[in-house]
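Asker: How does the following fold in three dimensions:
(one chain, ligands or ions: 1)
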Amino acid sequence: MLGKQGWRLFTNPNTLVARLFKARYYPNTSFAEAQLGSNPSYVWRSILAAQPAIRQGSRIQIEGGQQTTIGSAPWLPDMDNGFITSNLPASISSASVDSLMVPNQRRWDFDVVDDIFNTRDRDLIRRIPLCSRVDKDNWFWLPDSKRLFSVRGCYRMLDTMHPPPSSSAWRKLWLLPVPAKVKNFLWRAMTNVLPTGDNLLQRRVEVQASCPICHTSSESVFHVLVTCPFAKACWISSVLGFNGSCVSFVHWLEDMFSCRNIDDCSLSAMVCWGLWLNKNNKVWNDVKGRVQNVVNSAGQNLFLWQQARKSVLVPPNLDSAAHGSVRWLNPSIGWVKCNVDAAIDHSRGLISDFIAAKSDILPGSFEAREAEALGVKEALSWLKKFAFHFVILEMDSLQVFNA
Ligand SMILES: [Zn+2]
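Answerer: Next comes the predicted model:
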């Protein structure tokens, strides 16, 4: 509902309420560029939540051009972005649009327009018709067929700007060779359910809304993991680089998944996880992290986890070989092979091992491998009497060369 208030602040900046908000929260800019600021009220936070949609859907129909500022109003006839994208000096940016027209004539001054705007802005300005009647510039809501703003239209615009992740992004996420906790973290980031400042405030939890690292913007998932100056420095110093062309975290991650290989995607997931831990460390322990630590830890943790996973995958094959799936083969000529096995009676605390033609009962409570090792020890001490040398030892099999 407060989206409508945002629309009023944007389109009627001279009302008393608009001037109060401007004096308090954005004295030097317009509503379109306003930030959350320090100690924002609940109402201001709620209004600002609709700001991206209002920026995206609002447009000005240029009539006289006196009321519209060149650099801070959406007056270009472009579906995606109605704002000027040229780099303009402050004096031109703050001037009104009618200063781009030939004085006393209802036509654009193409010499001026061509001189100060980039190609995109220049072409769009040339497409704006100017009627002979000088009238007040009018605001309208671009997505609506009748050009009227509505709360429903604002919600629709917000949905369009934050589409749910595609199924291919989910698939790629679940296939990433990273720890399960990191996949779970990314899943929560993609569905925007992480306990960031803005999400907690929406649920009426009284927390500091601004980012605890940079204190210059509200703490959203996208800000903490991508656009925060600290996060940006981490991405730049990593091999992945910084991608600043995205409008949401989902958009950013899908972009990463679609054009990077599996190693880069895994590393990006680990860097995101490291940035989140770093942010939590600042909130809970007041410890300010370092860029190199976050980046290096991400790479090292990924490497160690992948190495540990490889070593864990090997033992099942050894186990199966050690427990009878290997065929017995005759020893080579001059060698004696002793097979050792053990039976364990945990209830009585006894083990039984078999050495050549001998069976013994030994006191103790051991695991299978320890018991078999004791059997090997007994076999070695027995064979020693016959001066056997050059022992090759496996857990279930002992081969001794008779020198
Ligand atoms: Zn920040």
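Asker: Please list the residues of the stretch 201-350 of the chain that sit near the ion.
Answerer: C211, I213, C214, C228 (CB under 5 Å from the ion). For the C-beta atoms, the positions are set from N, CA and C on the backbone; glycine is no exception.
Asker: Sort out for me which of those residues are in helices.
Answerer: Among those, no member falls in helices (criterion: DSSP state H).
Asker: which of the residues you listed count as buried?
Answerer: C211, I213, C214, C228 (16 or more other CB atoms under 10 Å).
Asker: ok, back up a step: output the residues of the stretch 201-350 of the chain next to the ion in TSV, with distance to G197 and pLDDT appended to each entry.
Answerer: Converted to TSV, these look like this (distance: CB to CB, whole Å; pLDDT from 0 to 100):
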residue	distance to G197	pLDDT
C211	7	88
I213	11	91
C214	12	89
C228	12	91
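Asker: Name the nearest of these relative to S167.
Answerer: C228 (29.1 Å; CB to CB).
Asker: ok, that closest one - contacts?
Answerer: By CB atoms under 8 Å, 6 or more residues apart in numbering, the residues touching C228 are C211, I213, C214, S217, L275.
Asker: I'd like these written out as a markdown table, with distance to P103 added.
Answerer: Shown next, in a markdown table, are those (distance: CB to CB, whole Å):
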| residue | distance to P103 |
| --- | --- |
| C211 | 47 |
| I213 | 50 |
| C214 | 46 |
| S217 | 42 |
| L275 | 54 |
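Asker: Looking at these, which one is closest to V113?
Answerer: Once CB to CB is applied, the member of the contacts of C228 that ends up nearest V113 is S217, at 33.8 Å.
Asker: returning to that earlier point: out of the buried ones among the residues of the stretch 201-350 of the chain next to the ion, which comes closest to K172?
Answerer: Nearest to K172 among these, with distances taken as CB to CB, is C228, at 24.5 Å.
Asker: Phi, psi for the closest one please.
Answerer: phi -60, psi 140 (degrees, to the nearest 10).
Asker: Right, and the ion sits closest to which residue of the stretch 251-400 of the chain?
Answerer: Relative to the ion, the nearest point of the stretch 251-400 of the chain is K279 (8.4 Å; CB to the ion).
Asker: from the contacts of C228, which two are the most distant?
Answerer: Within the contacts of C228, S217 and L275 form the most distant pair, 14.7 Å apart (CB to CB).
Asker: Can you report how many residues neighbour the closest residue to V134 other than its chain neighbours?
Answerer: Take V134 and drop its neighbours on the chain: the residue closest to it by CB to CB, 6 or more residues apart in numbering is G64, 4.5 Å away. G64 has 18 neighbours, counted by other CB atoms under 10 Å.
Asker: can I assume G64 sits in a strand?
Answerer: No - counting by DSSP: H, G, I helix; E, B strand; the rest coil, G64 is not part of a strand but coil.
Asker: Against I47, how distant is S297?
Answerer: Here the criterion is CB to CB, to the nearest Å. By it, S297 lies 39 Å from I47.
Asker: Oops, could you answer that again for D109 instead?
Answerer: Distance, D109 to I47, using CB to CB: 37 Å.
Asker: so what's A73 closest to, chain neighbours aside?
Answerer: I60 (5.6 Å).
Asker: List phi and psi for that neighbour.
Answerer: Per-residue torsions, I60: phi -120, psi 130 (degrees, to the nearest 10).
Asker: could you give the mean pLDDT of stretch 53-67?
Answerer: What stretch 53-67 shows for mean pLDDT is 86.
Asker: From start to finish, how long is that stretch in a straight line?
Answerer: This stretch, stretch 53-67, spans 22 Å end to end (CA to CA, to the nearest Å).
Asker: again with stretch 70-77
Answerer: Start-to-end, stretch 70-77 (CA to CA) is 14 Å.
Asker: Okay, buried residues for it please.
Answerer: Within stretch 70-77, judged by 16+ other CB under 10 Å, the buried ones are I70, G71, S72, A73, P74, W75, L76.
Asker: again, but for stretch 87-105
Answerer: If you call a residue buried by 16+ other CB under 10 Å, then stretch 87-105 has these buried ones: L88, I92, S96, V97, D98, L100, M101.
Asker: Endpoint to endpoint, it covers what distance?
Answerer: Stretch 87-105 has its terminal residues 27 Å apart, counting by CA to CA.
Asker: Same question for stretch 99-118.
Answerer: Start and end residues of stretch 99-118 are separated by 17 Å (CA to CA).
Asker: Tell me which stretches of this protein form strands.
Answerer: Taking DSSP state E as the criterion, the chain contains strands spanning 58-61, 138-141, 335-339, 342-345, 350-355, 358-363, 388-394, 397-402.
Asker: for the buried residues of stretch 87-105, which one is nearest the ion?
Answerer: L88 (27.5 Å).
Asker: Tell me if I'm right that that closest one and S72 touch.
Answerer: No - under the criterion of CB atoms under 8 Å, L88 makes no contact with S72, lying 10.6 Å away.
Asker: follow-up on the earlier one: check contacts around the residue nearest to A73.
Answerer: T68, A73, P74, W75, G82, D137, N138, W139, F140.
Asker: List the beta-bridge partners for the closest residue to the fourth one other than its chain neighbours.
Answerer: The shortest distance from W75 to any residue that is not its chain neighbour, by CB to CB, 6+ apart, is 4.3 Å, and that residue is I60. With DSSP bridges as the criterion, the beta-bridge partners of I60 are W139.
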